[in-house]
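> Sequence below, structure please.
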Amino acid sequence: MAEKIISTEYSGEMQQAYINYSMSVIMARAVPDIRDGLKPVQRRVLYAMNELGLNSDKPHRKSARIVGDAMGKYHPHGDSSIYEALVVLSQDFKKGMALVDGHGNFGSIEGDGAAAMRYTEARLKKFTQDVYLADLDKNVVDFIPNFDETEKEPEVLPVRIPNFLVNGSEGIAVGMTTSVPTHNLSEVIDAMIAVMDHPEITTKDLMNILHGPDFPTGGIVTNQSDLLSIYETGRGKIKLRGRASIEYASKKTERDRIVITEIPYTMIGANIGKFLNDVAGLVETKKIPDIADISNQSSKEGMKIVLELKKGADAEKILQGLYKKTKLEDTFGVNMLAIADGKPEVLGLKRILEYSIRFQVELNTRKYTTLLEKERSRKEIQEGLIQAVDIIDLIIEIIRGSKTLKVAKNCLMTGNTEEVQFKTVSSKKQAAKLHFTENQATAILELRLSKLIGLEILSLQEDYKQTIQKIQSYETILGSRQAMLKTIKQDLAKIKKTYGLPRKTEICDTAEAVFEETPVVEQDVIFTMNRFGYVKIMETTAFERNEASVREENKVILPCRNTSKICIFTDTGNLHQLKMLDVPLCRPRDKGIPIENICNYDSSKESVCFMESFENLSGKHLLFVTKNAMVKQVPSEEFVTIKKTVVSTKLTEKDQLLFVGIAEKDSVVLLTSENRILKFKMDDISILKKASVGVRGMKLVEGEQIKEVFCVDSNESFIIKPGKKKINLSDIKLKKRDAKPEQL
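Residues are numbered from 1 along each chain as shown. Below you'll find the model as predicted:
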């Protein structure tokens, strides 16, 4: 075969390839279909479980088996993503209606992960069987080939409710996301019926039926007035608040408590731990100091987080502070994006319900068309059997007089009597009038003699009457849209009666939390950091009483104000800022807390070059010296920022920051690893921006680096001992920057 080379523009090919990738992620991975509200992986997991026969009345089966079937037959991707989908489908704290009955450790609301798939077991819930997978055998949805065309899978599941609303959805595609809150099943069904009864109904009227989201974790939606806009446009922000109550002490020996029994939906998982840490941080930093103890007393019975307050604490003010400062009040971003008519679309509430109704009409049309065809076929056979019973003696004579089954069947269908031997001429004449259909003839020839008993004949006639009634009923449903909608409404009412649950989330308009922090009383303190990186501040009087032991135990001791910030310059060129308000006020013997807990400084990756209170740097210049002898002065105003970490200087490859200090002396002395020394004036060093590399302080030979930096006044006596003998820096000759150094 001759080689065919297609010449194309590289940028155009890349653009088209990226578009194809984006559409694949959007359509086949991250965004649910509006019809069944499921992503492909969820749909395939449920269908694989259905094919395995994992019904609610059957034993649980290993999750690994379910994942293996889903991956091998329908979803050729990583097993971890399939198992994660299975786990989420079983978690009733994430889904409005859990679809999988998990057995074993399927994770917890506090963020514990599920056990490995080889340890857990699962099966379908009765709700899933009845509402999501029923009627698959009635040709209600199209089946498409799987990835290797060896199996068939449903394009969508015949879900009988708007699952897109009931169970919500979250997904991140390319250039778009979907985020749909969960809703109450009963309210969604009522809203759907309302749209069927009154197609012109407005979203505002629907909101009187479907009041808003209903999260499995309960909680309170505090911006009810914004919900109409959210449900009209499909976009917006829902403000959530946990449910907390104040329990006042009944005895003098007891303390007031704040008890949290419901959390915002956004706090599921690791955010519960973060909330507890945030509360502890607020206590340590004195922002909410009146909390004496925090305990998570949650159990199988439900959520319970208890905050014990100090005597005389203002419980209401503390609760407002928790709303303002922690995840106890949070925002849920809504973006109701789904695949509708083959393309991604952001949908409002009414449009979602209209799509659901259209899908239900399609499902029921196909269902009752299939059932009608089946009943018509049954009617045909029943009519043939009833007719055959009346002339059973003739039929027996035909069967006995035929040499083959084909001859008997041909006689019953066409009245051809040439190859049949009859006992009488009248029987032959009567047989010539027969004209059964092929299906009727087959059924007659397969008729068992026991069916000729009187009661069996009556039963056959009764079945025929029921078949006629069913055919009339199905034709009525298929012939009238109103009859079709009535049938759908009856099915929905049964689902609501069987599986409906009370609403968990309260919807209201609540004033925004107001919390005024107690102003901090400014005072002089001493900041300390020991060799293990633990930091604390202490009162100056406490430091003076224990100065000797404090100096012995700590490598950094800085006087500062309790409202100031400490600047930490590291050898990587970073500047970390540490607020003294975040540092706990301790006694001299207290350990303090690791600096990494309240600052971005990482002691395992960087070393401190210089630490100083920012107020002591105001209006001054800082001297920077690197190991490769790059030097510069930077005004301290360059480092005024609200960010916790910024780059304080630009470093060349394989260079490190060696020295940072206040440029307040006359001269700078550079000492190298080869014991070469150069002394020059501070004024010779350029004043530059923090983003600059600097200028060269001295010429280095290969492999040589700056070892030490000294800032001295011109005639200041300063003794160093780089080798065996002592050197007074006042004896070193003053030269120009970048001049030839002296060899010691």
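> Nearest residue to residue 226 in space, please, no chain neighbours.
residue 236 (6.2 Å; CB to CB, 6 or more residues apart in numbering). In short, each C-beta sits where N, CA and C put it, glycine included.
> Domain boundaries for this structure, per the record?
The chain breaks down into these domains under automatic domain parsing: 38-158, 243-327, 362-498, 524-743.
> So which bits of the helix or strand of the chain with the lowest mean pLDDT are buried?
Counting by mean pLDDT, DSSP states H and E, the chain has its least confident helix or strand at helix 10-25, which shows a mean of 78. Buried residues in helix 10-25, counting neighbours by 16 or more other CB atoms under 10 Å, are found at residue 25.
> Point out where this protein drops to low pLDDT.
Applying pLDDT under 70 to the chain flags residues 1-2, 28, 252-253, 451-452, 454-455, 515-519.
> Grab the most central residue of it for me.
Of all residues in the chain, the one closest to the mean position by CA atoms, centre = their mean is residue 170, 6.1 Å from it.
> Could you tell me whether it really is in a strand?
Yes: under DSSP: H, G, I helix; E, B strand; the rest coil, residue 170 falls within a strand.
> Skip the chain neighbours and tell me the closest residue to it.
residue 179 (5.5 Å).
> So what's the residue count around the one you found?
Residues near residue 179, counting by other CB atoms under 10 Å, number 17.
> Check residue 692 too.
So residue 692, with other CB under 10 Å, has 14 neighbours.
> I'd guessed the residue nearest to residue 226 sits against residue 230; true?
Yes: when contacts are counted by CB atoms under 8 Å, residue 236 is listed as touching residue 230 (3.4 Å).
> Go through stretch 437-456 and flag the buried ones.
For stretch 437-456, by 16+ other CB under 10 Å, it's 440, 441, 442, 443, 444, 445, 447.
> Check what contacts that stretch and list those residues.
Residues outside stretch 437-456 that contact it (CB atoms under 8 Å, 6 or more residues apart in numbering) are 377, 380-381, 383-385, 387-389, 392, 395, 399, 405, 408-409, 412-413, 436, 457, 460.
> what's the spacing between that stretch and its chain's center?
60 Å (CA atoms, centre = their mean, to the nearest Å).
> Dump it to CSV, restricted to CA.
Output of stretch 437-456 as CSV, limited to C-alpha atoms (Å, rounded to 0.1, in the frame of the first residue of the first chain):
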residue,chain,number,x,y,z
THR,A,437,-52.4,-18.3,11.4
GLU,A,438,-49.0,-19.8,11.6
ASN,A,439,-48.7,-18.7,15.3
GLN,A,440,-52.1,-20.2,16.1
ALA,A,441,-51.3,-23.4,14.3
THR,A,442,-48.0,-23.8,16.2
ALA,A,443,-49.8,-23.2,19.5
ILE,A,444,-52.6,-25.7,18.6
LEU,A,445,-50.0,-28.4,17.8
GLU,A,446,-48.2,-27.7,21.0
LEU,A,447,-51.4,-27.8,23.1
ARG,A,448,-51.2,-30.2,26.0
LEU,A,449,-54.3,-32.5,26.5
SER,A,450,-54.5,-31.3,30.2
LYS,A,451,-55.6,-27.9,28.8
LEU,A,452,-58.8,-29.5,27.6
ILE,A,453,-60.1,-29.9,31.2
GLY,A,454,-63.2,-27.8,31.8
LEU,A,455,-61.6,-25.4,34.3
GLU,A,456,-58.6,-24.9,32.0
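> ok so the residue nearest to residue 226 is a strand residue?
Yes: assessed with three-state DSSP, residue 236 lies in a strand.
> bridging residues for it?
residue 334 (DSSP bridges).
> Return the residues in contact with it.
Neighbour list for residue 236: 226, 227, 229, 230, 333, 334 [criterion: CB under 8 Å, 6+ apart].
> wait, which of those is closest to residue 667?
residue 333 (59.1 Å; CB to CB).
> Report the separation between that closest one and residue 180.
10 Å (CB to CB, to the nearest Å).
> Could you do residue 480 as well?
34 Å.
> who's more crowded, these two?
With neighbours defined as other CB under 10 Å, residue 480 and residue 180 compare such that residue 180 has more, 25 against 11.
> Is the more buried one in contact with residue 164, as I believe?
Yes: judged on CB under 8 Å, residue 180 makes contact with residue 164 at a distance of 6.4 Å.
> Overlap of the contact sets of the two?
Here residue 180 and residue 164 have residue 336 as joint contacts, going by CB under 8 Å, 6+ apart.
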